[in-house]
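> Structure here, sequence nowhere to be found:
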């Protein structure tokens, strides 16, 4: 039950190390982390290479700058897992994120699950209040308000099809378009009330 974690990388050398460390620290061990360097001009890719040299589950791919939707699609083409997660290169997880979310998914027999999210500043200090997700969502609920944070959502690729981001949107809510497409294929997405992921709000 391999989890493919897809991370687009673009000029986030100050944060990518923490993102990778949060994946390495997961209590669930069957994962691959696919980092797609989207034409970064900083040292982020070299930082990824250092971690990849020590842990073969971390894989770096390169492409010319095409935007995060293009980078995520590149990662999807390389993914080998049954489960997909999309973790941006400045966000990070709590150590039990994968373990708890996969158990929650099994309990709900769901194709899509998410969890509540802590909002942090550039130094990782919690700001505002956490985003608490609803316990259950339908396609029509998502139309009204999207409560599927990208960094917190896990999908079971064995139950869904046409999993790709719409590059023609040029990064304008391309994740929202994906969730709408996937929600048409299942009755519900389920929200774990536990706060297990950290979304960085940069100044």
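Yes, it's here. All values reported here derive from a predicted model rather than from experimental measurement.
> Give me the distance between residue 69 and residue 86.
11 Å (Cβ to Cβ, to the nearest Å). Placement of C-beta: from N, CA and C, glycine included.
> just residue 105 next, same as before
For residue 105 relative to residue 86 (Cβ to Cβ), the value is 15 Å.
> To which secondary structure element is the residue nearest to residue 58 when sequence neighbours are not counted assigned?
Of all residues not flanking residue 58 in the chain, residue 52 sits nearest, at 4.3 Å (Cβ to Cβ, 6 or more residues apart in numbering). In this assignment (DSSP states H and E), residue 52 forms part of helix 44-54.
> Partner strands of the helix or strand just after that helix, with direction?
With elements assigned by DSSP H and E, the helix or strand that comes after helix 44-54 is strand 58-63. For strand 58-63, the paired strands and their directions (DSSP bridges) read strand 31-38 (parallel).
> can you give me the angle the strand it pairs with makes with helix 44-54?
Computed by axes from the mean of the first three to the mean of the last three Cα atoms, to 10 degrees, the angle separating strand 31-38 from helix 44-54 equals 150 degrees.
> that older thread, give the buried residues for the helix holding residue 52.
44-45, 47-48, 51-52 (16 or more other Cβ atoms under 10 Å).
> State the mean pLDDT of it.
Over the span of helix 44-54, the pLDDT mean works out to 98.
> counting contacts, what elements does it pack onto?
When contacts are defined as 3 or more Cβ pairs under 8 Å, 6 or more residues apart in numbering; DSSP states H and E, helix 44-54 sits against strand 3-9, helix 16-24, strand 31-38, strand 58-63.
> which residues sit against the longest one?
Defining contact as Cβ atoms under 8 Å, 6 or more residues apart in numbering, one finds that helix 16-24 is touched by 5, 7, 9, 12, 31, 33, 35, 44, 47-48, 51, 55, 58, 87-95, 124, 198.
> and if you look at the first one?
Contacting residues not belonging to strand 3-9 are listed as 16, 19, 23, 28, 30-38, 40, 44-45, 48, 68, 71-72, 75-76, 79-89, 98, 102, 154 [Cβ under 8 Å, 6+ apart].
> What's the end-to-end length of stretch 134-150?
Stretch 134-150 has an end-to-end distance of 15 Å (Cα to Cα, to the nearest Å).
> Could you do stretch 128-138 as well?
End-to-end for stretch 128-138, by Cα to Cα: 27 Å.
> same check, this time on stretch 11-31
End residues of stretch 11-31 are separated by 24 Å (Cα to Cα).
> in it, what's buried?
11-13, 15-20, 22-23, 26, 28, 31.
> Next up, phi/psi of residue 56, please.
phi -70, psi -10 (degrees, to the nearest 10).
> Could you give the separation of stretch 85-103 from the chain centroid?
7 Å (Cα atoms, centre = their mean, to the nearest Å).
> Report the buried residues of it.
85-94, 97-98, 100-102.
> Now for those residues: which two are most distant?
Within the buried residues of stretch 85-103, 90 and 102 form the most distant pair, 24.0 Å apart (Cβ to Cβ).
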